[in-house]
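Undergrad: sequence-free structure coming up:
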């Protein structure tokens, strides 16, 4: 075990220096575990594979920043988790935009000023959602994008329905409060 750690640390040094064989070693060693972790997060095989691949691409592109003193597997899981939550945020923003665009198509208005204002509001909402903590955003997305009930969300995430309700209310209150600040300007 000590020899394995020493070897892994040496390989991390080599990876940080740009050694593709060292990269290949870590890919072979951790790909399956990383994929299963991504699958646990996303519950979707396609997304899990995409996440795993993007993490390895990112590692290769920024290999010089790797700290050989840190456990590589923890680094991998941290990147994967962050990428997954970034993906969730992006999907929520896209969903809000699609909902907004559909509503706009239904309302045939010629008021260009109103359309510009609405577009600016949508951009503000997109930026605000990026500030919402990842777990809260995940709960909000499950409610809005997947149309899950509070009970279903609570069951999936193993939390109480009250927690689900509180987290969604916090997101909505945050958006209302922040949008009012923008409207006051």
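TA: Great, that's in hand. What you are looking at is a predicted structure, and each value in this text was computed from that prediction instead of being measured.
Undergrad: need the contact list for residue 151.
TA: Each residue near residue 151 by C-beta atoms under 8 Å, 6 or more residues apart in numbering is listed here: residue 161. Just so you know, the C-beta spots here come from the backbone N, C-alpha and C atoms, and that holds for glycine as well.
Undergrad: which SSE is it in?
TA: helix 150-157 (DSSP states H and E).
Undergrad: flag every buried residue along the following helix or strand past that helix.
TA: Sequence-wise, the next helix or strand downstream of helix 150-157 (DSSP H and E) is helix 161-184. Neighbour counts over helix 161-184 (16 or more other C-beta atoms under 10 Å) mark 164, 167-168, 171, 175 as buried.
Undergrad: which strands or helices does helix 161-184 pack on?
TA: For helix 161-184, the elements it packs on are helix 112-129, helix 134-144, helix 150-157, judged by 3 or more C-beta pairs under 8 Å, 6 or more residues apart in numbering; DSSP states H and E.
Undergrad: neighbours around the residue lying closest to residue 144 once chain neighbours are set aside, how many?
TA: Sequence neighbours aside, residue 95 is the residue nearest to residue 144 in space, at 6.7 Å (criterion: C-beta to C-beta, 6 or more residues apart in numbering). Using other C-beta atoms under 10 Å, residue 95 has 14 neighbouring residues.
Undergrad: was I right about residue 95 contacting residue 146?
TA: No. Using C-beta atoms under 8 Å, residue 95 is not in contact with residue 146, being 9.9 Å away.
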